[in-house]
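>>> Give me a model of this one.
(one chain, ligands or ions: 1)
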Amino acid sequence: LKLRRLLVRHHFLSRCHSQKANDVTHKYDVIVVGGGHAGTEAAAAATRIGAETLLITHKIETIGALSCNPSLGGVGKGQLVKEVDALDGLMGRGGDYAGVHFSILNRSKGPAVWGPRAQLDRGRYREFIQSQLLKMPRLTVIEGSVEDLIVSAADPEKPGKHSVTGVRMADGVGEILASSVVITTGTFLSGSLFMGRTTSPGGRMGEPPSCAGLSHSLREVLGLKLGRLRTGTPPRIIKDTVDFSLAEVHLPDPRPTPFSFINKHTHCKPEDQLPCHLTHTTPGVEDVVRQSLHMNSHIQQDTKGPRYCPSIESRVLRFPGRQHQVWLEPEGLTSDLVYPQGLSMTMPPDLQLRLLREIPALHRVEIRTPGYGVQYDFVCPMQLFPWLQVKGVQGLFLAGQINGTTGYEEAAAQGLWAGVNAGRTALSLPPLSLSRTESYIGVMIDDLVSRGVTEPYRMFTSRAEFRTSLRLDNADLRLTLRGFEEVGCVSSERYSEALRVSQGLGDALVALQSVTMSSQRWREKLRDAGISDAKSTLISGEEMLQHKEVSFEMLVSVFPEIFTQYLEFSQRIKIEAVYRPHCENQKREMERIQEEESLTLPPDLDYLSLPVSLSDEVREILDRARPDTLGAAIRLPGVTPAAVVHLLNYVNKTE
Ligand code: FAD
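All right, here's what the predicted structure looks like:
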């Protein structure tokens with residue numbers, strides 16, 4: 001296996017290194033700057049739609065690198081991975097190839113908010129992404145550092161004040177021209193690394209930041225508003241020094257569920273998956289944090305830190321006296337390292353070791369590489385169009401962490417969409433947007449461009465008003481068909497498969513509606529399953545399937561001649577049948593809300609004690625935000641259409 005990996009890598013590097021920056025003379029359709037998760041999807045998507053593309057990145061060997069935790073997906077993020085896959089992106093297939101521990105989070109809740117997640121083998125993920133990029137026609141990959149953008153006055157016939165026509169390479173290597181440029185510099189734009197009292201320039205440990213010229217061009221030449229964000233990563237610890245017997249073991253799902261619609265199985269066999277372990281912090285951890293504060297410049301600058309993935313320092317300072325979870329996650333099948341999720345920290349390395357050893361399972365742990373923090377520039381994303389082009393700058397697109405997001409999945413999803421639009425612009429095709437009603441990607445981009453960010457943006461299912469229809473199971477039906485027919489980023493093989501599935505599911509649902517019986521008769525038929533039904537009217541197979549206890553397989557046993565042919569879709573049919581009434585109801589609610597968007601909400605409403613059916617979480621969100629209108633209330637992340645309908649009814653009644 002090792003030999004195979006080495007051969008793949010050698011083959012890849014020899015092809016890429018043969019293209020040095022100063023050999024590149026002709027004009028490309030698209031240049032992508034940065035080979036992180038946004039950059040790789042952008043380059044691949046631009047290539048898929050037919051644009052001749054150049055990917056420039058600092059180091060080819062870090063293409064597909066997972067800078068922080070070796071995991072993919074989760075609640076909200078898993079939806080993004082499925083959508084990237086539905087649009088033929090690389091990330092889902094990469095996860096299936098590299099996953100070593102698969103699980104579906106939130107299984108106790110409805111399938112609309114399930115979160116597929118996998119621990120990955122870092123090396124394998126990189127290997128997959130690199131090998132896929134290498135195979136792509138029309139894509140050239142080079143190592144190098146982009147120092148600056150080539151900016152000129154915009155074509156008077158095109159909208160916008162400026163036009164970006166290429167990039168200038170560092171070290172006098174020269175200029176490379178393109179019709180569109182996508183910048184995906186992640187945490188590297190004017191990046192600074194923090195450990196203890198030491199600060200040094202860098203985008204990731206051991207890697208230099210982006211050249212200062214790029215920040216300067218964006219800020220001074222193009223007049224864009226930039227901000228500064230921060231994040232951090234835990235120390236990596238040596239597996240043999242962890243006492244796993246003092247932690248709680250968590251096994252993966254016995255049957256791993258692939259991320260990709262085109263994979264029936266994951267690469268890792270179910271029995272070869274690795275466990276994760278859970279442990280907790282102790283009061284000793286809190287003591288070390290407090291004692292080390294004066295030696296920790298990252299936390300001194302901002303004790304709160306990012307809300308999502310906060311450091312152990314900020315968790316302890318915000319919630320003193322609490323036990324915090326620490327997940328001990330494998331870094332790969334053959335890796336001798338463990339990733340302690342929840343212990344991101346920036347104190348000096350000797351104190352990091354002291355802190356870790358306050359946790360019983362880590363009492364004799366050794367560190368391979370210490371944790372550190374990073375601060376970097378981001379571009380305020382309200383300066384972008386929904387197709388991720390910078391407003392007023394022809395040919396310039398931004399994607400990933402540079403737009404104020406955090407996470408591989410958020411970066412990949414934006415990268416894909418920016419790559420599509422950069423390619424389309426270069427090929428003189430009109431730009432395209434994704435709506436909030438059709439995808440989580442649309443929700444994320446709309447949030448970014450219409451509300452901006454004050455802290456790193458992360459995807460949650462609660463951000464999507466239409467989450468009952470934006471499900472994991474139907475991402476292919478929502479996006480693959482459009483991706484082929486209109487966008488042009490989906491292969492014909494994937495499209496044919498999505499068409500076949502769409503046809504099969506459609507037929508199955510028609511068949512389900514056509515089969516009606518009295519509930520008495522159904523009861524007899526399904527007596528063995530122990531179903532009781534109070535209704536005595538005629539009900540359809542679809543309505544029968546809406547009972548929690550009734551599976552599609554049960555209906556197949558009642559009407560084998562009708563339903564057997566659809567058995568391969570059984571889980572999808574069940575989910576579709578259960579969610580259909582909710583989706584229709586939600587659509588009606590949204591139409592009502594849209595009609596009354598401008599309704600003014602009384603400024604003195606006491607949301608915390610309002611006599612309507614609202615969850616505590618929604619009450620708190622409304623109380624904090626105090627929206628002026630119903631439209632502003634529905635756009636608050638976490639506020640559901642159902643909650644807004646209750647609010648609407650209450651206000652109408654009391655007026
Ligand atoms: P990146 O993955 O950062 O990739 C940027 C790429 O651009 C790099 O390959 C770089 O070499 C290249 N590049 C940059 N400038 C140039 C240039 N001028 N010329 C050529 N190439 C260039 N995410 C989480 O969700 N949770 C976390 O807890 C978390 N912690 C993190 C901690 C650290 C220390 C770091 C560094 C990142 C962390 N992340 C975390 C963020 C996660 O890594 C990013 O969200 C994700 O990688 C962003 O993808 P991207 O493609 O935008 O950028």
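>>> Tyr566 touches Leu509, doesn't it?
No - applying CB atoms under 8 Å as the test, Tyr566 and Leu509 come out as separate, 9.3 Å apart. No exception for glycine: its C-beta is placed from N, CA and C like everyone else's.
>>> which residues do the two both contact?
Ile573 (CB atoms under 8 Å, 6 or more residues apart in numbering).
>>> What's the local residue count around Glu207?
As a burial measure, Glu207 scores 16 neighbours (other CB atoms under 10 Å).
>>> what's the answer for the one 10 residues further on, then?
Each residue near Ser217 was counted by other CB under 10 Å, and the total is 22.
>>> and the closest residue to it other than its chain neighbours, what pLDDT?
In space, Ser217 comes closest to Leu149 once its chain neighbours are excluded; the distance is 4.8 Å by CB to CB, 6 or more residues apart in numbering. Leu149 is assigned 95 on the pLDDT scale.
>>> Contacts only, for Leu149.
Val164, Gly166, Val167, Arg168, Val181, Leu214, Ser217, Leu218, Val221, Leu222, Leu396.
>>> Closest to the ligand out of these?
Leu214 (5.4 Å; CB to the nearest ligand atom).
>>> Any idea which residue of the stretch 451-600 of the chain lies closest to the ligand?
Arg458 (6.6 Å).
>>> Now for that residue, how many residues are close by?
So Arg458, with other CB under 10 Å, has 19 neighbours.
>>> any idea how far it is from Ala632?
22 Å (CB to CB, to the nearest Å).
>>> do the same with Val221
Counting by CB to CB, the gap from Val221 to Ala632 is 36 Å.
>>> nearest spatial neighbour of Phe552, skipping sequence neighbours?
Ser570 (4.0 Å).
>>> and the most centrally placed residue in the chain, what does it touch?
For the chain, the residue sitting closest to the mean C-alpha position, by CA atoms, centre = their mean, is Glu409 at 2.6 Å. Counting by CB under 8 Å, 6+ apart, Glu409 touches His37, Leu72, Gly73, Lys77, Gly78, Leu80, Val81, Val84, Met91, Met459.
>>> now Tyr495
Counting by CB under 8 Å, 6+ apart, Tyr495 has contacts Thr480, Leu481, Gly483, Phe484, Glu485.
>>> Check Val420 too.
Val420 sits next to Ala45, Ala46, Ile49, Leu87, Leu432, Val487, Gly488, Cys489 when contact means CB under 8 Å, 6+ apart.
>>> Helix or strand for the last one, just tell me which one.
When elements are defined using DSSP states H and E, Cys489 is found to belong to no helix and no strand.
>>> That one: what's it in contact with?
Contacts of Cys489 (CB under 8 Å, 6+ apart): Ala45, Arg48, Ile49, Leu87, Asp88, Leu416, Val420, Gly483.
>>> can you count the residues close to the second one?
Residues contacting Arg48 under the criterion other CB under 10 Å number 26.
>>> Then the first one?
The local packing of Ala45 (other CB under 10 Å) involves 32 other residues.
>>> now do the fifth one
Residue crowding around Asp88 was assessed by other CB under 10 Å; the count is 26.
>>> my guess is it meets Val487, correct?
No - using CB under 8 Å, Asp88 makes no contact with Val487, being 9.6 Å away.
>>> need the contact list for whichever residue of the stretch 351-500 of the chain sits closest to the ligand.
Closest contact between the stretch 351-500 of the chain and the ligand, by CB to the nearest ligand atom, is at Gly400 (2.4 Å). Each residue near Gly400 by CB under 8 Å, 6+ apart is listed here: Gly34, Gly36, His37, Ala38, Gly39, Thr184, Thr185, Gly186, Glu410, Ala411, Gln414, Gly415.
>>> Filtering these by proximity to the ligand, which remain?
Of the residues in these, proximity to the ligand by CB under 6 Å from any ligand atom holds for Gly34, Gly36, His37, Ala38, Gly39, Thr184, Thr185, Gly186, Ala411.
>>> Filter these down to the ones in helices?
His37, Ala38, Gly39, Ala411 (DSSP state H).
>>> quick one, strands of the stretch 1-150 of the chain?
With DSSP state E, counting those that start in this stretch as the criterion, the stretch 1-150 of the chain has strands at 28-33, 53-57, 71-73, 99-105, 115-120, 139-143, 146-153.
>>> other SSEs contacting the second one?
It refers to strand 53-57. strand 28-33, helix 37-48, strand 139-143, strand 174-183 (3 or more CB pairs under 8 Å, 6 or more residues apart in numbering; DSSP states H and E).
>>> so what pLDDT did the closest residue to Ala642 other than its chain neighbours get?
Distances taken as CB to CB, 6+ apart place Glu589 nearest to Ala642, at 6.5 Å, with adjacent residues excluded. Looking at Glu589, its pLDDT reads 80.
>>> if I've got this straight, Glu589 is in a helix?
Yes - looking at Glu589 with DSSP: H, G, I helix; E, B strand; the rest coil, it is inside a helix.
>>> Correct me if wrong: it contacts Thr640.
No - Glu589 is not in contact with Thr640 according to CB under 8 Å; the separation is 9.1 Å.
>>> where does this structure dip in pLDDT?
1-25, 154-160, 302-308, 518-523, 525-538 (pLDDT under 70).
>>> so who does the closest residue to Ala42 other than its chain neighbours touch?
Nearest residue to Ala42, sequence neighbours excluded (CB to CB, 6+ apart): Gly419, at 3.4 Å. Residues near Gly419 by CB under 8 Å, 6+ apart: Val30, Val32, Glu41, Ala42, Ala43, Ala44, Ala45, Ala46, Thr53, Val182, Ala399.
>>> Let's verify Gly419: helix, strand, or coil?
helix.
>>> ok, how many other residues are close to Ala642?
With other CB under 10 Å as criterion, Ala642 counts 17.
>>> And the helix or strand where it lies, what does it pack against?
Here Ala642 sits within helix 641-654, counting by DSSP H and E. Packing contacts for helix 641-654, counted by 3+ CB pairs under 8 Å, 6+ apart, involve helix 570-595, helix 630-634.
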